[in-house]
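K.L.:
mind folding the following:
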Amino acid sequence: MTTATWNGAVLAESNSTIVVEGNHYFPADSIKSEYFKDSTHHTTCGWKGIASYYTIEVNGQSNPNAAWYYPAPKDAAKNITGYIAFWKGVQVS
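P.N.:
Residues are numbered from 1 along each chain as shown. Model prediction:
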């Protein structure tokens, strides 16, 4: 079981993550949605496409843009459609 945690909370757990460039992408149905708030931040990856972000909020603390996903990835990354990855202090183990 792969788990993502931050600020004492489990954000996601899954036996079905996909590892891309060293990042575990979790299926959308494995995240605890109460901790995720939409962000207006976006970035672009040359081979995956445009990434959208979530801000993580746990116990009154906010971690802006700490999770990302590709709502409409390019063909080379279609396998991560509907999957979410983490950074910015979120521990994945």
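K.L.:
and the residue lying closest to Ile80 once chain neighbours are set aside, what pLDDT?
P.N.:
Counting by CB to CB, 6 or more residues apart in numbering, Tyr25 is the residue found nearest to Ile80 once chain neighbours are left out, at 4.9 Å. The way it works is simple: take the backbone N, C-alpha and C, and place the C-beta from them, glycine included. The per-residue pLDDT reported for Tyr25 equals 98.
K.L.:
next helix or strand past the helix or strand where Tyr25 lies?
P.N.:
Tyr25 is part of strand 23-27, with elements assigned from DSSP states H and E. Using DSSP H and E, the next helix or strand after strand 23-27 towards the C-terminus is strand 36-45.
K.L.:
could you pull out the buried residues of that following strand?
P.N.:
Within strand 36-45, the residues scored as buried using 16 or more other CB atoms under 10 Å are 36, 39, 45.
K.L.:
same question for stretch 17-31.
P.N.:
Of the residues in stretch 17-31, 17, 20, 23-27, 30-31 count as buried by neighbour count, 16+ other CB under 10 Å.
K.L.:
count of neighbours near Ser16?
P.N.:
When neighbours are defined as other CB atoms under 10 Å, Ser16 has 12 of them.
K.L.:
what sits against the closest residue to it other than its chain neighbours?
P.N.:
The shortest distance from Ser16 to any non-neighbouring residue, by CB to CB, 6+ apart, is to Pro27 (5.7 Å). Taking CB atoms under 8 Å, 6 or more residues apart in numbering, we find Pro27 in contact with 14, 16-17, 82-83.
K.L.:
look up how far Asn15 lies from Pro27.
P.N.:
Look at Pro27 and Asn15: by CB to CB, to the nearest Å, they are 10 Å apart.
K.L.:
nothing else from me, thank you.
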